[in-house]
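J.: can't give you the sequence, but here's the structure:
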Ligand code: ACO
Ligand code: LMR
């Protein structure tokens with residue numbers, strides 16, 4: 001009989017061989033006939049399924065609300081410096097994206113992992129926070145440089161408001177808010193940040209949407225899809241910063257000496273004695 005030669009690549013999310021390209025089996029015409037948006041396209045290409053409108057609207061909210069947070073944050077600063085060094089768009093974008101990580105924008109997956117593990121184990125918020133402290137770890141999704149109890153992050157409030165109105169349940173968000181109540185009793189800047197809020201709410205989305213089975217939720221949390229939402233969103237802003245600097249014809253950036261504390265450099269000499 002016929003023997004299929006083994007392929008070097010396996011791909012399951014899309015197909016460009018037919019008359020029309022498809023995303024998870026949905027062709028381009030259908031995308032527009034059904035008035036699909038970016039959230040629907042993301043769901044097709046990331047999870048190979050259509051999601052209910054309350055989920056795709058939430059995904060689009062995450063993308064819109066995380067698109068930018070000013071020129072001073074780590075990512076935008078890197079992008080601006082690269083643009084002012086005359087670099088091309090992709091270099092400026094990736095220079096900014098390279099700062100996304102455990103402290104900045106890349107705490108979404110870890111927040112989801114920690115809130116899920118702690119809540120599923122019925123750990124009280126107090127015990128959860130103290131156990132992290134004992135391990136010498138910061139709680140992902142908690143804390144902000146400029147936001148605090150008296151200067152709340154409106155992105156976090158908007159996402160919470162939406163989810164409370166449209167999600168069937170928000171038990172992980174409730175848990176994250178209880179963690180925040182406890183951390184705020186320690187310091188005013190230990191708020192639930194946008195990474196933590198998205199992490200908790202995505203757990204609620206996955207748990208409440210019939211389109212995901214339990215083992216798939218574990219796989220999503222395990223692989224770590226959610227930092228991708230921040231990367232996708234912030235790329236919009238970083239590209240904007242690149243064009244802004246180029247439009248403004250900004251010169252090469254050099255950090256001012258006055259803003260650096262130069263401490264005396266001492267040379268450690270190699271001992272001459274044997
Ligand atoms: N969990 C526990 N304790 C914390 C946390 C936290 N998440 N954040 C700060 N603290 C405490 C620590 O005791 C810290 O002391 P240490 O430096 O000895 O560990 C003390 O607060 C002082 O911290 P600050 O200087 O006020 O915090 P900073 O401004 O340096 O950090 C940051 C802000 C990086 C966001 C921090 O809170 C953190 O690491 N959070 C967890 C990671 C996270 O969620 N990042 C995403 C932020 S949102 C975004 O980027 C879009
Ligand atoms: C962001 O969205 O970039 C932030 O919340 C981080 C910050 O320092 O503002």
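T.: That came through fine. Note that the coordinates shown come from a computational prediction; the quantities given were computed from them, not determined experimentally. Ligands and ions are numbered 1, 2, ... in the order given.

J.: the biggest helix by length in the chain vs ligand 1: in contact?
T.: Counting residues, the longest helix in the chain under DSSP state H turns out to be helix 227-247. No: using Cβ under 6 Å from any ligand atom, we find that helix 227-247 stays clear of ligand 1, coming within 6.7 Å at best. The way it works is simple: take the backbone N, C-alpha and C, and place the C-beta from them, glycine included.

J.: which residues touch the lowest-mean-pLDDT helix or strand in the chain?
T.: In the chain, the helix or strand scored least confidently by mean pLDDT, DSSP states H and E is helix 214-223, which has a mean of 94. Helix 214-223 has contacts (Cβ atoms under 8 Å, 6 or more residues apart in numbering) with 47, 109, 112-113, 116, 203, 206-207, 212.

J.: OK, contacts around the residue nearest to residue 171 when sequence neighbours are not counted?
T.: Leaving aside its chain neighbours, residue 171 sits nearest to residue 204 (6.6 Å; criterion: Cβ to Cβ, 6 or more residues apart in numbering). Neighbouring residues of residue 204 by Cβ under 8 Å, 6+ apart: 163, 167, 169-173.

J.: sec struct for residue 86, please.
T.: Secondary structure for residue 86, judged by DSSP: H, G, I helix; E, B strand; the rest coil, is coil.

J.: that one: neighbouring residues, count only.
T.: Residue 86 has 11 neighbours, counted by other Cβ atoms under 10 Å.

J.: which residues touch residue 206?
T.: 212, 216-217, 220.

J.: buried set for the least confident helix or strand of the chain?
T.: Buried residues in helix 214-223, counted by 16 or more other Cβ atoms under 10 Å: 217, 220-221.

J.: out of those residues, which comes closest to residue 247?
T.: Of all the buried residues of helix 214-223, residue 247 sits closest to residue 220, with 39.3 Å by Cβ to Cβ.

J.: for the closest residue in space to residue 238 that isn't next to it in sequence, which residues are in contact?
T.: The shortest distance from residue 238 to any non-neighbouring residue, by Cβ to Cβ, 6+ apart, is to residue 96 (4.0 Å). Going by Cβ under 8 Å, 6+ apart, residue 96 touches 75-79, 82, 234, 238, 241.

J.: run the last query once more with 6 Å
T.: 75, 78-79, 238 (Cβ atoms under 6 Å, 6 or more residues apart in numbering).

J.: report whether it is found in a helix, as I expect.
T.: Yes: assessed with three-state DSSP, residue 96 lies in a helix.

J.: tell me the pLDDT of it.
T.: Looking at residue 96, its pLDDT is 98.

J.: so it versus residue 75, what's the distance?
T.: Separation of residue 96 from residue 75 (Cβ to Cβ, to the nearest Å): 4 Å.

J.: show me what counts as buried in stretch 74-85.
T.: 74-84.

J.: stretch 17-24: end-to-end distance?
T.: End-to-end span of stretch 17-24 (Cα to Cα, to the nearest Å): 13 Å.

J.: nope, stretch 47-54 is what I was after
T.: Start-to-end, stretch 47-54 (Cα to Cα) is 16 Å.

J.: OK, contacts around whatever residue of the chain ends up closest to ligand 1?
T.: Going by Cβ to the nearest ligand atom, ligand 1 is nearest to residue 143 of the chain, at 2.0 Å. Neighbour list for residue 143: residue 190 [criterion: Cβ under 6 Å, 6+ apart].

J.: again with residue 175
T.: 115, 119.

J.: and it, what helix or strand is that in?
T.: helix 171-184 (DSSP states H and E).

J.: buried set for that helix?
T.: Neighbour-count burial for helix 171-184 [16+ other Cβ under 10 Å]: 172-173, 175-177, 179-180, 182-184.

J.: got these as CSV, with distance to ligand 1 and pLDDT columns?
T.: Listed next are the buried residues of helix 171-184 as CSV, based on distance: Cβ to the nearest ligand atom, whole Å; pLDDT from 0 to 100:
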residue, distance to ligand 1, pLDDT
172, 16, 98
173, 15, 98
175, 15, 98
176, 11, 98
177, 15, 98
179, 10, 98
180, 10, 98
182, 10, 98
183, 6, 98
184, 11, 98
